[in-house]
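Colleague: Need a 3D model of the following:
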Amino acid sequence: MMLGTTGLFASLAVLALIDATSIGTLVIPVWLVLRAKSRGNLRPALGYLGVVGSFYLAVGLLLLGGVDLVSKEFTGALLGSSTFRWAVLLLGAGMLAWSFRKNPDKATAASGAVPAGAGAGRPAAETGRAPAPARGAAHQAGPGSEGRWARRLDAALASPWGIAGLGVTAGLLELPTMLPYLGAIGLLTQSPYPLPAQSGLLVLYCLVMLLPAAVVIGIRAVAGPRVQGPLGRLSAWLAKSSSQWLPWVVGILGFLMMRSSLAFLFPTAGWNPFK
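Modeller: Residues are numbered from 1 along each chain as shown. Model prediction:
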C-alpha cells in the first residue's frame, strides 16, 4: 500500500522546502545577493541558482533511473516483503526518537563547554573557527562570516564559469548528506507512477526547492539596496537557527518511513490519512 496522491504531494512539498534551506540552495544565493551592487549584478545569483537546480535534477534523475532498473531486476520481492518493511519501520522509529534528543547546543550553553563541531551552528566570531561547508554542517555556515566560502565567492564572481563551478562545488559538498532529497526520491520510487511521471514530479520538486532563493533575488531586484539590511539579518538568522534543522530533517524522514511501512503492514488499520 502506498501514499495517496495528496499525501505524496504534501510529503514532497515539505521535503522540498526543507531542502530549500541548505547552504547551496539558500545561503549562498543570499550571499551573492548581498554582494550585488546593483540590480544588474543579480545575474550571478540567478546563474548560480540555475546551476544548482540543474545539478540536483541531474543527480535525482540518475538515482531514479538506477533505482527503477535495480528494483525491476533485483529488489521487487524485497520491497514487498514484511521483513524489509519491519526493518524500515524500526529504522524510522529510531530516526524519529533521535530527532527528539536534547539539543547539544543548549546543553553546551548550560555547561559552558563548546563541543566538537559546535562552531558550525554559530558565527565564526563567537567560536574563532570557520564553519565547515557540509549539509548538517553545510546548513550551518553563517552569512556575514563566510569562512572558507569567502574566497570561493570572490573567485566565482570573476566569471560565469566561476559561478558554474561554485554551483557544482556546493552540490558536490552536499551530496553525502542530502537526506530530504533522498527521502523524496524514495517516495517517488514507491509511488504508483511510471518513471516519466516520477521525473516530472522531480522537476517540480527542484523548482519548489529553489523558490525561496528566487523570491529573495526577486525582492532585491524590485526593492534595490533598501533590503540589504533585512537580507543581512536573514543571513544571521539562518546561521543562528541552522544547527537545529538536522534533527527536524531526520525526524520528518523517520515519520514518513514509519507511515509508509505501517500502511503496508496494516493496510486495514487506516494508517494513511492522506489516501
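Colleague: For the rest of this, base every contact and every neighbour count on C-alpha atoms.
Modeller: Fine.
Colleague: Downstream of the helix or strand of the chain with the lowest mean pLDDT, the next helix or strand is which one?
Modeller: Least confident helix or strand of the chain, by mean pLDDT, DSSP states H and E, is helix 124-127 with a mean of 40. Next helix or strand after helix 124-127 toward the C-terminus (DSSP states H and E): helix 149-156.
Colleague: which residues does Gly165 contact?
Modeller: Ala156 (Cα atoms under 8 Å, 6 or more residues apart in numbering).
Colleague: Phi first, then psi, for it.
Modeller: Dihedral pair for Gly165: phi -60, psi -40, per degrees, to the nearest 10.
Colleague: And Pro192, by the same measure?
Modeller: Main-chain dihedrals, Pro192, degrees, to the nearest 10: phi -80, psi 0.
Colleague: what about the closest residue to Ala20 other than its chain neighbours, which helix or strand?
Modeller: Nearest non-adjacent residue to Ala20, counting by Cα to Cα, 6 or more residues apart in numbering: Met209, 4.5 Å away. If you go by DSSP H and E, Met209 is part of helix 195-223.
Colleague: What of Leu64?
Modeller: Residue-wise, Leu64 maps onto helix 43-70 under DSSP H and E.
Colleague: one step back: the helix holding Met209: which residues count as buried?
Modeller: 195, 198-199, 201-214, 216-217, 220-221 (16 or more other Cα atoms under 10 Å).
Colleague: Now stretch 174-189: average pLDDT?
Modeller: Stretch 174-189 shows a mean pLDDT of 83.
Colleague: Mind exporting the C-alpha coordinates of that stretch to PDB?
Modeller: Coordinates of the C-alpha atoms in stretch 174-189 are reproduced here as PDB (Å, rounded to 0.1, in the frame of the first residue of the first chain):
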ATOM      1  CA  GLU A 174      26.000  18.500  -0.100                       C
ATOM      2  CA  LEU A 175      25.700  15.100  -1.900                       C
ATOM      3  CA  PRO A 176      26.700  12.900   1.100                       C
ATOM      4  CA  THR A 177      24.000  14.400   3.400                       C
ATOM      5  CA  MET A 178      21.100  15.400   1.100                       C
ATOM      6  CA  LEU A 179      18.600  13.500   3.300                       C
ATOM      7  CA  PRO A 180      15.400  15.300   2.200                       C
ATOM      8  CA  TYR A 181      16.300  14.800  -1.400                       C
ATOM      9  CA  LEU A 182      17.000  11.100  -0.900                       C
ATOM     10  CA  GLY A 183      13.800  10.800   1.000                       C
ATOM     11  CA  ALA A 184      11.800  12.400  -1.800                       C
ATOM     12  CA  ILE A 185      13.400  10.000  -4.400                       C
ATOM     13  CA  GLY A 186      12.400   7.200  -2.100                       C
ATOM     14  CA  LEU A 187       8.800   8.300  -2.000                       C
ATOM     15  CA  LEU A 188       8.800   8.700  -5.800                       C
ATOM     16  CA  THR A 189      10.200   5.200  -6.400                       C
END
